[in-house]
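[1] How does the following fold in three dimensions:
(one chain, ligands or ions: 1)
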Amino acid sequence: MKYLSEFRDPALVEDFLNEIHKITTQPWTLMEICGGQTHSLVKNGIPALLPDKITLVHGPGCPVCVTSIGIIDEAIYLAQQRDIILCSFGDMLRVPGSQKSLLEVKAEGADVRILYSPLEAVKLAEENPNKQVVFFAVGFETTAPANALSVVLAAQYKLENYSILASHVLVPPAMEAILSDENNTIDAFLAAGHVCTIMGLDEYYPIAQKYKCPIVVTGFEPVDLLQGILMAVTQLEKGEYKVENQYSRSVLPQGNLIAQQTIHQVFEVNDRVWRGIGNIPQSGYDVNTVFKKYNARLKFNIDIIPAEENKECISGDIMKGLKKPKQCPNFGTKCKPEHPLGAPMVSSEGACAAYYHYAEH
Ligand code: SF4
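    Numbers count the residues shown, from 1 in each chain. Modelled structure (predicted):
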């Protein structure tokens, strides 16, 4: 339990809460980027324990939530082809595309499998030489190294039947897009600790300076989150806007250089449409030209016209910090985990699911 129990220590939680109450003199709005942080905050009842002057809003850091309907439709198209095994992480199966979800096409007979690692998908391709195995590679910078490694391994093993449908999203461009929105009210960010474990801190300095916005890289346990909030509010109260690292037990300033090399070996940065938010320039990874034979989009010549999003779902406003889940008119009524209108009610990192499961509704 080392590195867990001490970060859930009630005495430390109380100390940090007292300190936050003591120093807060003005209203501040803080956004935690990561859906894992959102769940930890809401599950532990932290928003209600903070001073009334502090508002927490929830960012776009749920990979399932931001995967566009168009890409889910592409995955469904692939799953419906004969001789293709479509593999993905579990949460992706229940997210609605324009017509149906991957779970529904699986029920109709498509070979859709839940895996926990893209390396399992490479093994599946080795074991099924007469099938094409496609891994639906979603996620932020955190999952990109393993997905890239799967492509490197497939190339080493000379596999002709493995490819990935890449839908990676990058955090810093999304933060800039949120801060550039004239309606945004965000005073400081709690940045996602695991993303920074891979990428380090360098990308955050220009954002903090340009938007005069403190950024505190923060972990996921209650003590982490409260210390991150305290660090952010301390800066705000002093009029500072620095990048600070609360999660130093995991995050090195330079990040994980080997993981970064693997990412850059396989992926190139491209524009990406985020569900609910729209196109964010240079905010995604796709397979580069060197490894293009492992790009499922090219390999299977996918050409699907992007569908419109469900206008009843306001997930974009929630992920930009403009609204909270309970402000959605469909929250807990038309939209519940068992019949979701949008991805944030499905995903284990979705803000709407966090409020549905842990906060009164
Ligand atoms: S409650 Fe449902 S419809 Fe409303 S924003 Fe969340 S996922 Fe979308």
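[2] so Ala155 sits in a helix?
    Yes - Ala155 forms part of a helix when assessed by DSSP: H, G, I helix; E, B strand; the rest coil.
[3] Quick one: residues contacting it.
    Phe291, Tyr294 (C-beta atoms under 8 Å, 6 or more residues apart in numbering). All C-beta atoms are positioned from the backbone trio N, CA, C, and that covers glycine.
[4] what's Val195 in contact with, if anything?
    Taking C-beta under 8 Å, 6+ apart, we find Val195 in contact with Ile33, Cys34, Gly61, Phe140, Glu141, Thr142, Val171.
[5] Surely it is in a helix?
    Yes - counting by three-state DSSP, Val195 is found in a helix.
[6] quick one: it from the ligand, how far?
    23 Å (C-beta to the nearest ligand atom, to the nearest Å).
[7] quick one: that residue from Ile263, how far?
    Per C-beta to C-beta, to the nearest Å, Val195 is found 12 Å from Ile263.
[8] Identify the contacts common to these two.
    Glu141.
[9] and the stretch 251-361 of the chain, which residues reach the ligand?
    Within reach of the ligand by C-beta under 6 Å from any ligand atom, the stretch 251-361 of the chain has these residues: 312-315, 318, 325, 328, 330-331, 335, 340-342, 344-345, 352.
[10] leaving aside the residues next to it on the chain, what's closest to Ala191?
    Nearest residue to Ala191, sequence neighbours excluded (C-beta to C-beta, 6 or more residues apart in numbering): Val217, at 4.6 Å.
[11] Is it correct that the one you found is in contact with Arg249?
    No - Val217 lies out of contact with Arg249 (C-beta atoms under 8 Å); the separation is 11.3 Å.
[12] neighbour count winner among these two?
    Val217 (28 against 12; other C-beta atoms under 10 Å).
[13] that's a helix at the more buried one, yeah?
    No - secondary structure of Val217 (three-state DSSP): strand, not part of a helix.
[14] List the residues that contact it.
    Per C-beta under 8 Å, 6+ apart, neighbours of Val217: 190-193, 196, 201, 204, 228, 243-247, 251.
[15] Could you look up the SS state of Ala191?
    strand.
[16] Mean pLDDT per helix and strand in the protein: which one sits at the bottom?
    Counting by mean pLDDT, DSSP states H and E, the chain has its least confident helix or strand at helix 63-66, which shows a mean of 90.
[17] And the residues of the stretch 251-361 of the chain next to the ligand, which of them are buried?
    Buried members of these, scored by 16 or more other C-beta atoms under 10 Å, are 313-315, 318, 325, 328, 330-331, 335, 340-342, 344-345, 352.
[18] tell me the strands in the protein, going along the chain?
    28-34, 54-61, 84-88, 112-114, 132-139, 162-169, 188-192, 215-218, 243-245, 267-274, 278-287 (DSSP state E).
[19] residue ranges for the helices of the stretch 101-250 of the chain, please.
    Taking DSSP state H, counting those that start in this stretch to define them, one finds helices in the stretch 101-250 of the chain at 102-107, 118-127, 144-156, 171-180, 193-199, 204-211, 222-238.
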